[in-house]
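**Student:** Any chance you can model this:
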Amino acid sequence: MSNASIDEIQQLIQKLSGELGEMSEAASRHIDDLHVAVNNVASHVLAIEAILALVAQKVEIDDAAAIEWIRDKTAAYSEDSSEGSAAEGIAQSLLGKEV
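**Tutor:** Here you go, the predicted model:
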């Protein structure tokens, strides 16, 4: 193999290495952005839960109707409707019911 061929291969490897490094940096930035977005959503949900929990203490809410509403809305996605979903547990918690 000639020195020219080896140099070309070495240049291609260096180019590939650089491109892989750029891809890794881009993926890391995307993961950081996703982490920020998830934290923002979690903060909004927690704030809404706090307000709803306080409202539930002042307003009479039909617990069974709330659970039925959740089951109706999630039936298409539920594999086993006999088992309570996480949403049901959260609703019961917000309504002051121990699960």
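**Student:** Please count neighbours and contacts with C-alpha atoms only from this point.
**Tutor:** Fine.
**Student:** in this structure, which residue is closest to the centre?
**Tutor:** Here the mean C-alpha position of the chain is nearest to the C-alpha of Val38 (Cα atoms, centre = their mean), at a distance of 6.0 Å.
**Student:** In which helix or strand does that residue reside?
**Tutor:** Per DSSP states H and E, Val38 falls inside helix 3-58.
**Student:** So for that helix, mean pLDDT?
**Tutor:** The average of the pLDDT scores along helix 3-58 is 94.
**Student:** State the mean pLDDT of the helix or strand just after that helix.
**Tutor:** Per DSSP H and E, the first helix or strand lying C-terminal to helix 3-58 is helix 63-74. Helix 63-74 carries an average pLDDT of 91.
**Student:** on that earlier part again, show me what the helix holding Val38 is packed against.
**Tutor:** Counting by 3 or more Cα pairs under 8 Å, 6 or more residues apart in numbering; DSSP states H and E, the packing neighbours recorded for helix 3-58 are helix 86-94.
**Student:** Tell me how far the helix it packs on lies from the chain's centre.
**Tutor:** Centroid separation for helix 86-94 versus its chain: 18 Å, with Cα atoms, centre = their mean, to the nearest Å.
**Student:** State the distance from Leu16 to Leu94.
**Tutor:** Computed as Cα to Cα, to the nearest Å, the Leu16 to Leu94 distance reads 53 Å.
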